[in-house]
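Colleague: kindly return the folded structure for what I paste below:
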Amino acid sequence: MEKTVRALRAIEILDSRSRPTLAVTLTLSDGTVARAGVPSGASTGTRETVELRDGDEHRYGGAGVLKAVGHVNTDIADALVGRVFTNLDELDQALIDLDGTVNKSRLGANAIVGVSIAAARAFAWSEGVQLWEFLRPATTTATLPVPHFNVVNGGVHALNSLDFQEFMIAPLGAPSMAEALRAGSEIYGKLRGILSDEFSQTGLGDEGGFAPPIDQPERVLRLLVRAIEDAGYRADRSGVAIAMDPASSEFYRDGRYHVAGESLSSVDMVTWYEELVEAFPVWLLEDGLAESDWDGWRELNARLGDRLELVGDDILCTNPVIIADAIKENIANAALIKVNQIGTVSETLEAMRMCREAGWGQFVSHRSGETEDTFIADLAVGSGCGHLKSGAPARGERTAKYNRLLEIEAAASLGYGLSR
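Modeller: Numbers count the residues shown, from 1 in each chain. From the prediction side, this is the model:
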């Protein structure tokens with residue numbers, strides 16, 4: 001069905017970290033109006049597309065996005081308004097061609113992804129279908145994903161001494177999205193009480209997880225098991241499991257991992273992960289090694305790939321070209337999916353297609369800097385990937401995604417959970 005863009009406009013807004021980002025509004029000739037809020041990451045891979053910032057130290061310490069806003073309102077609007085598109089791929093390719101760089105650095109990936117998300121939403125609504133239906137590949141079964149709640153923050157996401165960036169709880173055994181969300185909320189509440197009893201003061205990280213004064217991952221894992229069990233759930237893969245994102249690139253220097261007061265080799269790290277998996281109900285490990293440590297990743301996958309979902313984030317950057325190399329090199333068995341890492345919805349769907357055909361998992365993710373936009377919830381459902389992370393079961397920009405999943409569950413008869 002042909003779509004004509006009638007109007008396109010962006011403004012500068014604030015994200016969940018009180019940093020500027022974009023909101024993009026796209027209007028079609030049939031009157032359909034759709035809006036998109038652009039996410040922004042703190043822990044970023046070096047091969048991510050370029051987020052354009054103003055660099056004016058007198059505004060937001062240089063983090064303003066008026067240049068990106070201007071590109072949407074001038075260059076991109078001039079290229080798209082009045083133009084007829086037969087599908088989203090055509091519009092996204094027009095954005096890629098207009099930018100003309102390999103990393104979207106001229107117009108800014110934050111400008112481009114906002115337009116792409118708004119267009120996807122507008123195209124879906126114009127056709128009278130839900131966004132998740134529009135995003136669903138023809139051969140894929142839509143599925144409500146297992147939410148992975150980030151309940152303890154460290155690394156660049158928190159002001160504490162914990163090097164590992166995220167500890168998540170995953171209600172793998174929940175029978176529905178509603179019950180999964182209940183489990184997350186109840187465990188989060190129990191963990192709050194436990195931390196309150198043990199520490200006089202516990203802050204929050206960027207993604208709503210607690211940021212206690214802890215520097216040892218083992219201690220966090222023990223506290224999570226206790227919170228899960230105190231809330232009345234089983235701490236295992238048939239109940240509530242644990243996922244970790246160490247974000248290892250952040251503490252990798254000179255070929256060594258400087259973590260928890262130690263200096264470790266790649267082999268040391270893999271051995272440590274093996275010990276953690278033996279001692280705790282960990283089912284998923286994201287960015288267990290650094291983005292440049294491909295040899296280490298091969299070792300990690302060889303030793304733990306049959307026991308864990310090993311997710312590449314910084315090393316893959318939702319980039320189909322890099323993912324193709326990683327599949328060939330057999331370095332992992334899953335990819336984290338972040339739309340703003342690659343810059344368009346179409347390229348994101350292509351990355352997910354490649355993973356699916358290779359038998360890899362796809363783990364849809366938010367960013368540390370979020371808006372109330374719920375696009376990733378629909379993406380997770382439509383792709384049938386089976387799991388999504390959007391931070392803690394708290395704070396509006398995080399719960400907006402989880403609540404969107406509840407809306408979808410209430411309106412559609414879909415299965416829940418991981419299919420693999």
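Colleague: now the strands for the stretch 151-300 of the chain?
Modeller: In the stretch 151-300 of the chain, the strands defined using DSSP state E, counting those that start in this stretch lie at 166-170, 203-204, 210-211, 241-245, 252-253, 256-259, 262-264, 282-286.
Colleague: report all helices and strands that the third one contacts.
Modeller: Yep, that's strand 210-211 we're talking about. Strand 210-211 sits against strand 146-153, helix 177-198, strand 203-204, with contacts defined as 3 or more CB pairs under 8 Å, 6 or more residues apart in numbering; DSSP states H and E. Placement of C-beta: from N, CA and C, glycine included.
Colleague: how about the helices of this structure, start to end?
Modeller: 66-71, 77-80, 88-99, 109-126, 131-135, 177-198, 217-230, 266-279, 294-304, 320-329, 339-342, 345-358, 375-383, 396-411 (DSSP state H).
Colleague: buried residues in stretch 10-29?
Modeller: By neighbour count with 16 or more other CB atoms under 10 Å, stretch 10-29 contains the buried residues 10, 12, 15-17, 19-28.
Colleague: go through the protein and flag its longest strand.
Modeller: strand 3-14 (DSSP state E).
Colleague: who does that strand pair with, and is each partner parallel or antiparallel?
Modeller: Using DSSP bridges, the strands paired with strand 3-14 are strand 20-28 (antiparallel), strand 84-85 (antiparallel).
Colleague: list the contacts of residue 391.
Modeller: By CB atoms under 8 Å, 6 or more residues apart in numbering, the contact set of residue 391 is 149, 150, 207, 208, 209, 366, 370, 397, 398.
Colleague: which of these lies closest to residue 295?
Modeller: The shortest gap between residue 295 and any of the contacts of residue 391 belongs to residue 150, at 29.1 Å (CB to CB).
Colleague: against residue 165, how distant is that closest one?
Modeller: In this view, residue 150 and residue 165 are 9 Å apart by CB to CB, to the nearest Å.
Colleague: returning to that earlier point: most packed of the helices of the chain?
Modeller: Greatest average neighbour count among these goes to helix 339-342 (a mean of 28), per mean count of other CB atoms under 10 Å.
Colleague: and the contacts of that one?
Modeller: With CB under 8 Å, 6+ apart, helix 339-342 has contacts from 38-41, 44-45, 48-49, 51, 109-110, 113, 116-117, 317-320, 345, 348, 351, 367, 375-376, 379.
Colleague: which residue is nearest the middle of this structure?
Modeller: residue 365 (1.6 Å; CA atoms, centre = their mean).
Colleague: can you give me every residue that contacts it?
Modeller: Taking CB under 8 Å, 6+ apart, we find residue 365 in contact with 313, 336, 337, 338, 376, 388, 389, 390.
Colleague: now, the residues you listed that are in strands?
Modeller: Counting by DSSP E, the part of the contacts of residue 365 found in strands is 336, 337, 388, 389, 390.
Colleague: which of the residues you listed has the largest number of neighbours?
Modeller: Neighbour counts for the ones in strands among the contacts of residue 365, by other CB atoms under 10 Å, peak at residue 390, which reaches 30 neighbours.
Colleague: look up the closest residue to that one, ignoring the ones flanking it.
Modeller: Nearest residue to residue 390, sequence neighbours excluded (CB to CB, 6 or more residues apart in numbering): residue 401, at 4.0 Å.
Colleague: isn't residue 163 up against residue 246?
Modeller: Yes - taking contacts as CB atoms under 8 Å, residue 163 lies within contact range of residue 246: 7.2 Å.
Colleague: picking up where we left off before, how about the buried residues of stretch 10-29, which pair is most distant?
Modeller: Farthest pair in those (CB to CB) is 17 and 28. Separation: 32.1 Å.
Colleague: give me the below-cutoff pLDDT ranges for the stretch 101-250 of the chain.
Modeller: Low-confidence segments of the stretch 101-250 of the chain (pLDDT under 70): none present.
Colleague: thinking again about what came up before, looking at the buried residues of stretch 10-29, which one is closest to residue 272?
Modeller: Distances from residue 272 to the buried residues of stretch 10-29, taken by CB to CB, are shortest for residue 17, at 30.6 Å.
Colleague: so who does residue 179 touch?
Modeller: Going by CB under 8 Å, 6+ apart, residue 179 touches residue 171.
Colleague: from residue 414, how far out is it?
Modeller: According to CB to CB, residue 179 stands 14 Å off from residue 414.
Colleague: one more: residue 178?
Modeller: Going from residue 178 to residue 414 by CB to CB gives 12 Å.
Colleague: any weak-confidence spans in the stretch 301-420 of the chain?
Modeller: Across the stretch 301-420 of the chain, the ranges flagged by pLDDT under 70 are 419-420.
Colleague: present the helices and strands packed on strand 210-211 as CSV; the columns should include distance to residue 217.
Modeller: Compiled in CSV, the helices and strands packed on strand 210-211 are given as follows (distance: least, CB to CB, whole Å):
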stretch, distance to residue 217
strand 146-153, 10
helix 177-198, 15
strand 203-204, 18
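Colleague: between these, which gets nearest to residue 218?
Modeller: Taking CB to CB, strand 146-153 is the member of those nearest to residue 218, at 12.5 Å.
Colleague: counting contacts, what elements does the closest one pack onto?
Modeller: strand 166-170, helix 177-198, strand 210-211, helix 217-230, strand 387-391.
Colleague: want to throw the ones you listed into TSV with distance to residue 100?
Modeller: TSV is the format used below for the helices and strands packed on strand 146-153 (distance: least, CB to CB, whole Å):
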stretch	distance to residue 100
strand 166-170	35
helix 177-198	42
strand 210-211	42
helix 217-230	44
strand 387-391	33
